[in-house]
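Undergrad: Return atomic coordinates for the entry below.
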Amino acid sequence: QDIRNGQKRESKLYGSLNEGFYPFTSRSIAEYAETVESYADDSGSMSYSHLPPDFQIKWREHMRAWRDYSNFLNRMKKHPHKLERERVHRLRYEYSREINTTWYEVLRVGRTYGAEVHY
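TA: Reported below is the predicted structural model:
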């Protein structure tokens, strides 16, 4: 289900990118923030209590990383010119790095139980 949620997010974002979308312009930050928030809500609300405890921990960490990024984007949406562009890029990189790191941990733990993700 998370893969489908991610594909839905990517479809919205890349569809917009093909139309000249850039996530940190005052015109488009709302759309970008809403897309990320929707993904975080959808994947964060999936049931995973039946999964092994160590996997649940990694999943919660991953979803927390997405929620943190979503919160950052929502702050940017409300105050798009409050931070310098360079700082925004650095923060976005840091959030992306945390999302990727936690995702690789989800995959690593999942593999210990025989799970494989195919995109």
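Undergrad: Now do the spatially most central residue of the chain against Gly114, distance only.
TA: The chain has Trp66 as the residue nearest its centroid, 4.1 Å off, counting by CA atoms, centre = their mean. Distance of Trp66 to Gly114, computed by CB to CB, to the nearest Å: 25 Å. The C-beta positions use only the backbone N, C-alpha and C, and glycine is treated the same way.
Undergrad: For burial, what's the neighbour tally of Val106?
TA: Applying other CB atoms under 10 Å, we find 20 residues neighbouring Val106.
Undergrad: buried sites along the longest helix anywhere in the chain?
TA: The residue-count maximum for a helix in the chain (DSSP state H) belongs to helix 85-112. For helix 85-112, a neighbour-count test (16 or more other CB atoms under 10 Å) marks Val88, Arg92, Tyr95, Glu98, Ile99, Thr102, Trp103, Glu105, Val106, Val109, Gly110 as buried.
Undergrad: Likewise for stretch 56-73?
TA: Of the residues in stretch 56-73, those buried by neighbour count under the rule 16+ other CB under 10 Å are Lys58, Trp59, His62, Met63, Ala65, Trp66, Tyr69, Ser70, Phe72, Leu73.
Undergrad: Surely Leu107 touches Thr101?
TA: No. With contact defined as CB atoms under 8 Å, Leu107 does not count as touching Thr101 (11.0 Å).
Undergrad: From Arg75, how far off is Leu91?
TA: For Leu91, the distance to Arg75 equals 10 Å [CB to CB].
Undergrad: Heading C-terminal from the helix or strand of the chain with the lowest mean pLDDT, find the next helix or strand.
TA: Ranked by mean pLDDT, DSSP states H and E, the weakest helix or strand in the chain is helix 2-17, scoring a mean of 73. Scanning forward in sequence from helix 2-17 by DSSP states H and E, the next helix or strand is helix 29-44.
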